[in-house]
Structure formats: structure tokens, C-alpha cells
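Q: give me a model of this one.
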Amino acid sequence: MKTMRTASALLAVFSLLCLAGCNDRFFDNPYDPEVETVAYEILATLQVAGLAPVDLSFSGDVLWAVDARSRVLALNYNSGALVRELDFPLAAAGVAYDGEDLWLSVKDTAQLVLVNIVNGAQIRVLKLLRGSFGPLDYSSGRLYVADRLSNSVLVVDPDSGDIVRTVSQPGFAIDGVCFNGANLWTIDASQAKFFRLDEFGAVLSHYPAPSRSVSGLAFAEGIFWCGDRSGKIFKIRFQ
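A: Okay, the predicted model is just below:
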């Protein structure tokens, strides 16, 4: 009888794991009172072999990615296939679409560059007083810049270059950042977590990331895009 109960318990655990994997739905630990019950659904997984995304942005027609080799790439948002590479002479670390053109952060610097989305021609340069920039996002007339030096998100006025606000984030590192119009979101790959923050950095909730190699985060039209350095891009809808 004891053997049968043990076997039944193992079968139940296996069934739950299979359910989560087969349906691409992620559930948080129900015994952890600090996390949500249902996190998100993975709508699609784009296979981007030979590409290790470190940041993402969606421009409506293509998915823009900066990869580990600092290339700025336009990808088909349905298949992940390479559409074209943007000519940018500096080492890019982050990308953000502002409705017309692309903002790029320059790796290991406090420099942001606005470039023409068609030919990569430089339009404007912002040189901030401090920082070592990585992923970034653009929303509602503001740039949200991951500063690895201070482990915070700098909210920047793109016209003046002024830092409007500095938001400390709870992770050990910022591997992705975006603002979805209501909340600030960050990723910490070392903890394999998404964090949802208010405008001042207070943690509203956190969720498990789909892997420990996530990097790059974008939001558009109710959908999150999350990169994975192993050669994947996840299309995610939070519940």
C-alpha cells in the first residue's frame, strides 16, 4: 500500500511538470507567499541559432536585437529569421525604438546614440555624466536605461539628456528593462526572475524567468519579448 501511494505521488508530480512544459505555462511556487499564482504564458519561442540576444525592441514590422557581438539586427518577429543588419560602427549594448528611429546604448560607456532606422546614420548623441549602459527601452517620451555601474535604471529625457529619476532595482544585475506604460520591468538572469516595479522601484511582484540565460526585454501591444543567450527569443503574455 505504501509503495502504491508513493508511486501515485510521483505520478502526480510528473503530470504537473509535464503540464507546465507542454502548455508553456509558468507557475510560481504556491508555498511562496511573495509571488503570484499564475505568471505568464509563452505564446511562441523563436529559434535564433548563432545569435545570443542581449537586448530587444519591437518596431511593429520587425523585432530588433542587439546580440553578444554588439551587432544591431532586424529579425522576423514570427520566425526569428534575420532580415538585415544595421550599420553601426560602435559596440552596441542596448536598443530601443522611439516610434521613428532607434536609440542605441554604447557598451561600457555612458553614451546613448539615436540612429536612423533605415541606414544607421547618427542623428544625435547623448553623453551622460556617469554610467556603464546596457539594455534600454523607450516609452512615453522617456528612455529607461539599465546602468550596470549603479545597478539601477536611469529615466532619461531624450531631448536634454537629463536624468529625470534613478530607480534602484532589486536584482543583482539588470539583464533587461522595459516600461509597459504602467510599471517598470527588469530581469535578473542570476536569480532567473522578472521583477515588476512601481515608478520608485518598489517591488510589486516577481516571477520566474523561463531560463537562467535570459537577456533583453521589450514590450509592445500587450506582449513581452524576452531574449535568451542560448539562441532563443520568447514571446510572452502575462496573466
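Q: what residue ranges in this protein are flagged as low confidence?
A: 1-38 (pLDDT under 70).
Q: okay, helices next: where are they in it?
A: Shown for the chain, the helices assigned by DSSP state H span residues 2-23.
Q: could you pick out the longest strand of it?
A: strand 38-47 (DSSP state E).
Q: buried residues, that strand. List them.
A: Across strand 38-47, burial judged by 16 or more other C-beta atoms under 10 Å covers 39-40, 46. For glycine as for every other residue, the C-beta is placed from the backbone atoms N, C-alpha and C.
Q: just stretch 130-149 next, same as before
A: 131-139, 142-148.
Q: what's the most distant pair in the residues you listed?
A: For the buried residues of stretch 130-149, the farthest-apart pair by C-beta to C-beta is S132 and S139; their separation is 22.1 Å.
Q: which one of the buried residues of stretch 130-149 is nearest to Y97?
A: Using C-beta to C-beta, Y138 is the member of the buried residues of stretch 130-149 that lies nearest Y97, at 6.5 Å.
Q: not counting its neighbours along the chain, what's nearest that closest one?
A: Leaving aside its sequence neighbours, Y138 sits nearest to A96 (C-beta to C-beta, 6 or more residues apart in numbering; 4.0 Å).
Q: check R212 too.
A: Spatial nearest neighbour of R212, chain neighbours left out: A192 (4.8 Å); criterion: C-beta to C-beta, 6+ apart.
Q: gap between the one you found and A182?
A: Distance from A192 to A182, counting by C-beta to C-beta, to the nearest Å: 24 Å.
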